[in-house]
Structures are given as structure tokens and as C-alpha cells.
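1. how would this look folded up:
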Amino acid sequence: MTIRRRISITTRITLFTAVVATLLSALLAITLMLVFHRYATTALTTETMSAGGRVASEVERHEAITTPLAGQRDRNLQVVDPRGVVVAATPQLQGKPIIAPFGPDSKNITHAVVCGGVFPGGRCQIVIAQSAHTTAGDWIIYSSSPTIPPYVDPWLAGTVAGGAALLAAAITLLGHRIAHAALRPVTAIRTELDRINETCPERRVPYPQAKDEIHDLADSVNHTLARLQAAMEQQRAFTSDASHELRSPIAAIRAEVEDALLAPEETSVPTVGNTVLRSVDRLEAIVGDLLTIARQDHDRQVEREPIDLSELVTTESGRRPHPAKRFDYALEPGVVVIGDRARLSRLLSNLIDNAERYAASTITLRVSHVAGSKRDAHRFPNGIAMLEVIDDGKGIDPGKRELVFQRFARLDTARDRGAGGTGLGLPIARQTAEAHGGTLGIEDSTCGTRFVLRLPATEAARAD
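-> Next comes the predicted model:
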């Protein structure tokens, strides 16, 4: 495993190419040698047959042999008369018996490979038996030539082997160059990734010229880097905003304590305590919201229990014994969702708190079950459980509706701080809605601001 990890992909591809190229080149060389061998054997058989045929024709015409039997040194011939006696033979077969145990077939010719026997050194030869028809009977002319070795010829074998080796080397080199060229963009991407850190998150990896898988990889890496940069910038902004929000009550506490120390006769402990407690309450609210956001960022799993939204609204609003504003209700019964009761109660509380800050006199709470559109059928298969919180305040400009869901965002900083908001309630509410598979947004209203929460309804709600 360790050795395998040390070998680069380029080297592995090159080795694989070398092995495959060697095997294919060897197979090609063997195939070529087999073709050459067969061609040469066929040509030799034809020549040997022609030599025997020439002698057979002479025997048929003259019933005798007047010319030399063979014109080549490695060509052997025997002439056997109708009595089965060898009457003529080339010098190498003089005084030897018949070279083959077979004779011509019905077509007056037979050929086979014969090894050993009368041939010197036990070598194999191609033997052809042909008939010569005369008035005295049928003669048999045997002609033979040494078989061609598998390599046919040393020069030919060397040429084919050398060509195969050169072909394997060329393919291996080409495979190495292709692998190196294909992986060069990966090296460039890795090099650029090594240079990217928190000081230069805006850098991106280069794109290769080819629109291939590596181009898609670079595109995915750049999209990931963009998301990471956005997350880093959001984290920095969040840290800066949180520091600013925490510094304000701390500065107020310090100022109050320093004033009391400088002029103790002009204040009292209850006065200082009440003033400091207001800032401490604000610190506690900010820290609590920060802990909630951190907890929800870390753990996006929610408890799953059936919750009646109308009952939840009644319970949450009932916890406010002396509400500053008047509440109107339009609650449809039996609208049930599956979720975390504590987190949904916190969501509803944040929406009501926000409405109480900015409502002129009345807050309207509505719960209803509506059918989902075909586009959202996969998200809301059983319809939508909709919760609306509407105040009759000044409302929010449509272009700034998404701004209120950003952490520590304020449309009017002085007004929000004076009203006691931390700038985290609405972001926490949207985060909770999304964790439950729903949405939270601000939609059009005849007056004031209308927050709309949409959650997946259950089977029971759809049946009702």
C-alpha cells in the first residue's frame, strides 16, 4: 500500500500503457510471423510440388529420367517404379528406402510433414507424393524440402521484433505524454489551492482549455471557494457586528459605574443597579441569541412530534398576561405539523415580539391549511400549514424585506436598539423554519408588515 501511494498517477498510467503496448506489440509480431511462416510454407510447398511434377511429366512421356532430378541443393526427390523399387534419387537419398509411408491419393497427389526417418539429423521435411501414369503402371515421385522454421528468416524475425519493440516504446511514450498533459491542469489546480489561505480567499484555481472533467472539477472547486469566501466574510461580519452589539451595553455599564464612582453623592445604589441591569438584560439577550444561533448552526436536527399550530399560537400568546397591543385571531383547527415544539415556540415568540415593537395597535395571528402548487409538491406533499403574523405598523419597503433576516441587520438602528431588539430574532426564526423544511418571509399586506411561515402539513391536516 505504501509503495502504491508513492507511485504517481502519471507513472501508473505510463506503466499500464507500457505493459499493454508490449503485449499488443508482441501479439502483432507473433501474428505477422505466423502469416509470413504460412505464406513461405505455402510457397515452398508449391515449389516442391512443381519440382516433383516436372519429373512426373518426364516419366509419363519417356518412362525414363533423362534430366537431373533437382536443381536445388535442399530439394530431394525419389522416383519409385510400379514394382515399388527406388529407381532414381537425389544424392542425399541415394541408397535409402522410400522417404514416406504414404502414396498419392485419389487426386494423384498427397503432401505431409515427415520428421526423422531417412532425413539426416532427424529434421522435418515437407514430402509430396505424386503419380505418373505409364503403360507399365503407375510410378510415384516423392519430392521434399526442409520445413521453414517458425522465425522464417533471422533477418525477418529481427526486423519484426525490432519494429514491435519500437512500436511499444512509441505507444508508451505517447501514453506518458498524454497522461502528463491531461494531469497538468490538476497540478496547476493543486498548486493554486496550496497558495490560497485566509489572507487571499478571493483567489481561484485556473480553468484548463479543454471542456472536460478536469474543467468541471475546477468549476466545482471555484464554486466551493466562492461559498467558503462568502462564509468567511459572513463570519467576519457576524463577529464584527456581535462585538459592536456587545460593546454598546458594556460601554453603558462602564459609563454608569464610572459616573457613580466619580460623583457618589449624586446617585444611589438602586439607581445605578437599575441602570446597569437594563444593560445586563441586553447583554444576556444578545448572548442567549448568539448561543441559540451557534447551537442551530452546529445541530440542524430537530425533534419530531405532532404539533397543532393553532394550539401553539394560543399557548404562546397566552403567556403574555399584559400584552401591549391587541391580538386578533383567525385560527383554523387541525392544522398539524411535525417538528420541535420548543424551537417553533421560539420562532413564534420572535415574530410576536417583533410585531409588538412596531404595531400601532393590533397584531393579527392566522393559521390555515392551503394546498401546495405542483411545483412544490415534493416539498409539501400534504399541503402547506401556514402561519401569518401581521402588524398594523408602518411596514417595510419591499426592497428591504430580506435585509431584516440578516444577522444584526437593522433598518433603523437607533429605533431597534431602543425597542430592545438584538437583531438576531428574525434570523433565528428563519433558520428554525428552514430546519423544519419550511420557509419564512415577508409578503404583501394592506397595511403594516405580514410575516408568513409555511411548513409541511401532515397527513392528518390533509385529511381534514
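
2. immediately after the worst-scoring helix or strand of the chain on mean pLDDT, which helix or strand?
-> Within the chain, no helix or strand scores below helix 413-419, which has a mean of 45 by mean pLDDT, DSSP states H and E. The helix or strand immediately downstream of helix 413-419 is helix 425-435, counting by DSSP states H and E.

3. Direction included, what does the next helix or strand after that next one pair against?
-> Later in the chain than helix 425-435, the nearest helix or strand by DSSP H and E is strand 439-443. Applying DSSP bridges to the sheet, strand 439-443 is found paired with strand 450-456 (antiparallel).

4. what angle do the partner strand and helix 425-435 make?
-> 20 degrees (axes from the mean of the first three to the mean of the last three Cα atoms, to 10 degrees).

5. So for strand 450-456, mean pLDDT?
-> Computed over strand 450-456, the mean pLDDT rounds to 93.

6. mind showing which ranges of the stretch 301-450 of the chain have poor pLDDT?
-> Scanning the stretch 301-450 of the chain for pLDDT under 70 picks out the ranges 301-302, 409-422.

7. And the helices in it?
-> Ranges of helices in the stretch 301-450 of the chain, per DSSP state H, counting those that start in this stretch, are 309-318, 341-358, 413-419, 425-435.

8. Also the stretch 1-150 of the chain?
-> Counting by DSSP H, counting those that start in this stretch, the helices of the stretch 1-150 of the chain are 2-6, 9-62.

9. Identify whichever of the ones you listed lies nearest to residue 186.
-> Judged by Cβ to Cβ, the one of the helices of the stretch 1-150 of the chain that comes nearest to residue 186 is helix 9-62, at 8.4 Å. C-beta here means a position set from N, CA and C on the backbone, and glycine is covered the same way.

10. Tell me what angle the helix or strand containing residue 166 forms with helix 9-62.
-> According to DSSP H and E, residue 166 maps onto helix 154-195. In terms of direction (the same axes, to 10 degrees), helix 154-195 departs from helix 9-62 by 160 degrees.

11. Give the rounded mean pLDDT of helix 154-195.
-> What helix 154-195 shows for mean pLDDT is 90.

12. picking that back up, mind checking the helices of the stretch 301-450 of the chain for the one nearest to residue 137?
-> helix 425-435 (110.4 Å).

13. chain center to the helix holding residue 166: distance?
-> Chain-centre distance of helix 154-195: 25 Å, with Cα atoms, centre = their mean, to the nearest Å.

14. list the helices and strands it packs on?
-> Counting contacts by 3 or more Cβ pairs under 8 Å, 6 or more residues apart in numbering; DSSP states H and E, helix 154-195 is packed against helix 9-62, helix 213-262.

15. rank those helices by pLDDT, which is bottom?
-> Looking over the helices and strands packed on helix 154-195, mean pLDDT reaches its minimum on helix 213-262, with a mean of 81.

16. next SSE after it?
-> Next in sequence after helix 213-262, counting helices and strands by DSSP H and E, comes helix 269-298.

17. Next, the buried residues of that following helix.
-> For helix 269-298, a neighbour-count test (16 or more other Cβ atoms under 10 Å) marks 272, 275-276, 279, 282-283, 285-286, 289-290, 292-293, 296 as buried.

18. Just give me the closest of those residues to residue 101.
-> For the buried residues of helix 269-298, the minimum distance to residue 101 (Cβ to Cβ) is 99.2 Å, reached by residue 296.

19. ok, how many other residues are close to the nearest residue to residue 13 once chain neighbours are set aside?
-> Sequence neighbours aside, residue 179 is the residue nearest to residue 13 in space, at 4.0 Å (criterion: Cβ to Cβ, 6 or more residues apart in numbering). Using other Cβ atoms under 10 Å, residue 179 has 19 other residues around it.

20. Now do residue 179 against residue 12, distance only.
-> Distance of residue 179 to residue 12, computed by Cβ to Cβ, to the nearest Å: 9 Å.

21. how about the helices of the stretch 1-150 of the chain in TSV, adding mean neighbour count and distance to residue 81?
-> Listed next are the helices of the stretch 1-150 of the chain as TSV, based on neighbours: other Cβ atoms under 10 Å; distance: least, Cβ to Cβ, whole Å:
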stretch	mean neighbour count	distance to residue 81
helix 2-6	7	76
helix 9-62	16	9
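
22. My guess is residue 145 contacts residue 125. True?
-> Yes: the criterion here is Cβ atoms under 8 Å, and residue 145 meets it with residue 125 at 6.2 Å.
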